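Trainee: test case, fold it:
(2 chains)
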Number of protein chains: 2
Amino acid sequence: MPCWVNGAPADGVSVADRGLAYGDGVFETVRVACDGPVLLPYHLQRLQEGLLRLNIAVDWAALEQEIRQYPGWRQPGVVKLIITRGSGGRGYGTVNVQGPSRVFSAHPAPQYPERYTQLGVRIYSCETRLSINPQLAGIKHLNRLEQVLARQEFQSDSCQDQYQEGLMLSQSGCVIEGVLSNLFLVQDGSLHTPDLSQCGVAGVMRRWLLEQMQECGIKVNVGPVTLQDIELADEWFFCNSVYGVWPVSHWENRTWTVGPLTAQVQQWVKDRWQF
Amino acid sequence: MPCWVNGAPADGVSVADRGLAYGDGVFETVRVACDGPVLLPYHLQRLQEGLLRLNIAVDWAALEQEIRQYPGWRQPGVVKLIITRGSGGRGYGTVNVQGPSRVFSAHPAPQYPERYTQLGVRIYSCETRLSINPQLAGIKHLNRLEQVLARQEFQSDSCQDQYQEGLMLSQSGCVIEGVLSNLFLVQDGSLHTPDLSQCGVAGVMRRWLLEQMQECGIKVNVGPVTLQDIELADEWFFCNSVYGVWPVSHWENRTWTVGPLTAQVQQWVKDRWQF
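Mentor: Okay, the predicted model is just below:
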């Protein structure tokens, strides 16, 4: 499946692209199931919000049309969309930038063992922390060095990682998210997920789950979450739009089994997208 | 002057490059004067330090040789060096990345009016703040959205900007740097420059000036700087390796003339590099 750069098959971008120079853009990684893309409208909304937040001017109707025309949607896997401000400008300045640049690529879906979903995953406590910056919080921009450094802490050269996800705190010590996903926890019957207004990525699966919960009358507290909250959690899970929902089985010296809320949430995802 | 990508003339990088995907790399912008590059050893040291900090493995001797062979050094202007981790890996993971990628390009030097150096510049107070992250502080990595957003605050579509540089604070309100340069200030006869261990870019001109000051027995306090310190400053200036030293003439409702320490520092730069 060919990549598209600015609407045509290509495999490179200009060395002057501001995505390369400054991470000046946003991206989305969309799972494509047998019957089409998963949560595409939510991905597109976050993309649009990100472009707005970074003041990247786009003709949204034309961009959306180009995205929908990409042939990568026709086969199961993942499609990655990168939109940068484009090329040019003077230093950091954005006057006279030619853009935006659009880079679409299709890839096989990552193959995770079934047991991650069924029995849960082992969570690593990352030392790398997430910077606090409300201007950049929530959107999926291209400045992702913190995730790269955090991922390095628990990756291994072998095929099988000992840990499947890493827990990340903010610089001020609040629990925020995983390296590649968001988290929810249940404590004494009440459900919590970290507030992402100061840092973190507002995942589209997190958003969909929050909406499902609201529809079902399940109250969720979106607010500060501490390490102690995790220690006292009766169950907790991570979620993203590529793998769905992973219960946590191990973290530090504690173990958990798949709890009832986690099982219910997994059922929603299975009923809706068969994963 | 052609760009070099991985040692050969080219004008594009792979769409799979991690510099584009995550800003996973570092860069340097080196001024080339008539008699050769300015402060190149300092640029190379910061580049090497950045690669080390990001755990990007390179054959440093080979990389340095390739950098020195780039024909862009032969004419006055600026040379930009971008080193990314390379292409590949799985998501944020860095196992099996093919790299590093090396992108060298040559450009005309920016032409600033003489009066910026002689009479001083107008400084804008940026609302965009710098994230605190000691792991990334000091190095010149490719995650530069904060600078892009800050620069947008005071750029204008006309050729002549009303402000020449923007003052940036950390998320905790400390004075850190300009959008594209570092700063020094004199208050009651003592010289200060912000500590950059929590955020900011440790400029090579700042480093050279600190060394000159030490050689001349001029004590500099490298530590926290507040807005009140700026308000009370008798003189202050910005510096980088492309334009040299700009005295501040206007900030908020205050004005300054070029002070004696600033004039001395400008003389050092002029004596050494004629700019």
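Trainee: low-scoring pLDDT stretches of chain A, where are they?
Mentor: Applying pLDDT under 70 to chain A flags residues A:158-160.
Trainee: in space, not sequence, find me the middle residue of it.
Mentor: residue A:203 (4.8 Å; CA atoms, centre = their mean).
Trainee: ok, how many other residues are close to the residue nearest to that residue when sequence neighbours are not counted?
Mentor: Counting by CB to CB, 6 or more residues apart in numbering or on different chains, residue A:203 lies nearest to residue A:182, which is 4.3 Å off, once chain neighbours are set aside. Placement of C-beta: from N, CA and C, glycine included. Neighbour count of residue A:182, defined by other CB atoms under 10 Å in any protein chain shown: 24.
Trainee: repeat that for residue A:104.
Mentor: 24.
Trainee: residue A:255 now?
Mentor: Neighbours of residue A:255 (other CB under 10 Å): 11.
Trainee: find the nearest non-adjacent residue to it, please.
Mentor: Residue A:255's closest residue in space is residue A:249 (CB to CB, 6+ apart), at 6.1 Å.
Trainee: the one you found reaches residue A:257, doesn't it?
Mentor: Yes. Assessed by CB atoms under 8 Å, residue A:249 is found in contact with residue A:257 at 7.4 Å.
Trainee: between the two, what contacts are shared?
Mentor: residue A:120 (CB atoms under 8 Å, 6 or more residues apart in numbering or on different chains).
Trainee: the two: which has the busier surroundings?
Mentor: Counted by other CB under 10 Å, residue A:249 and residue A:257 do not tie: residue A:249 has more neighbours, with 18 against 10.
Trainee: and the more buried one, helix, strand or coil?
Mentor: Of the three states, residue A:249 takes strand under DSSP: H, G, I helix; E, B strand; the rest coil.
Trainee: next, the buried residues of the helix or strand containing residue A:209.
Mentor: If you go by DSSP states H and E, residue A:209 is part of helix A:204-215. Neighbour counts over helix A:204-215 (16 or more other CB atoms under 10 Å in any protein chain shown) mark A:204, A:205, A:206, A:207, A:208, A:209, A:210, A:213 as buried.
Trainee: now stretch A:39-53, how far from the chain's geometric center?
Mentor: 12 Å (CA atoms, centre = their mean, to the nearest Å).
Trainee: does chain B sit close to it?
Mentor: No. Using CB under 8 Å from any CB of the partner chain, stretch A:39-53 stays clear of chain B, coming no nearer than 8.9 Å.
Trainee: in that stretch, what counts as buried?
Mentor: Buried, per 16+ other CB under 10 Å, within stretch A:39-53: A:39, A:40, A:42, A:43, A:44, A:46, A:47, A:48, A:50, A:51, A:53.
Trainee: now the closest residue to the third one other than its chain neighbours: how far from chain B?
Mentor: Put plainly, it is residue A:42. Spatial nearest neighbour of residue A:42, excluding adjacent residues (CB to CB, 6+ apart): residue A:204 at 3.9 Å. According to CB to the nearest CB, to the nearest Å, residue A:204 and chain B sit 16 Å apart.
Trainee: mind listing what residue A:204 touches?
Mentor: Contacts of residue A:204 (CB under 8 Å, 6+ apart): A:39, A:42, A:43, A:46, A:241.
Trainee: looks like the third one contacts residue A:30 (just checking).
Mentor: Same thing as residue A:43. Yes. Using CB under 8 Å, residue A:43 is in contact with residue A:30, at 5.1 Å.
Trainee: tell me, what's touching those two both at once?
Mentor: Listed contacts common to residue A:43 and residue A:30 are A:37, A:81, A:241; contacts here mean CB under 8 Å, 6+ apart.
Trainee: what's the closest of these to chain B?
Mentor: residue A:81 (11.5 Å; CB to the nearest CB).
Trainee: can you tell me the SS state at the nearest residue to residue A:198 once chain neighbours are set aside?
Mentor: Nearest residue to residue A:198, sequence neighbours excluded (CB to CB, 6+ apart): residue A:132, at 4.9 Å. Taking three-state DSSP as the rule, one finds residue A:132 in the coil state.
Trainee: likewise residue A:162?
Mentor: coil.
Trainee: tell me where the stretch 101-250 of chain A has helices.
Mentor: A:114-118, A:145-154, A:204-215, A:227-231 (DSSP state H, counting those that start in this stretch).
Trainee: looking at those helices, spot the one closest to residue A:68.
Mentor: The minimum distance between residue A:68 and the helices of the stretch 101-250 of chain A falls on helix A:204-215, with 17.1 Å, by CB to CB.
Trainee: contacts for stretch A:67-81, please.
Mentor: So stretch A:67-81 is contacted by A:1-2, A:4, A:27-34, A:36-37, A:43-44, A:47, A:102-110, A:242 (CB under 8 Å, 6+ apart).
Trainee: show the buried residues in those.
Mentor: Buried, going by 16+ other CB under 10 Å: A:1, A:4, A:27-32, A:37, A:43-44, A:47, A:102-106, A:242, out of the contacts of stretch A:67-81.
Trainee: give me the neighbour count for the closest residue to residue A:251 other than its chain neighbours.
Mentor: Excluding its sequence neighbours, the residue lying closest to residue A:251 (CB to CB, 6+ apart) is residue A:123, at 4.2 Å. Each residue near residue A:123 was counted by other CB under 10 Å, and the total is 25.
Trainee: go on, the one 10 residues further on?
Mentor: Around residue A:133 sit 21 other residues, with neighbours defined as other CB under 10 Å.
Trainee: identify the residues contacting it.
Mentor: Contacts of residue A:133 (CB under 8 Å, 6+ apart): A:198, A:199, B:129, B:131, B:146, B:171.
Trainee: rerun that using 7 Å as the cut-off
Mentor: A:199, B:131, B:171 (CB atoms under 7 Å, 6 or more residues apart in numbering or on different chains).
Trainee: repeat that for residue A:22.
Mentor: A:92, B:142, B:144, B:145, B:148.
Trainee: out of those, who's the most crowded?
Mentor: residue B:142 (27 neighbours).
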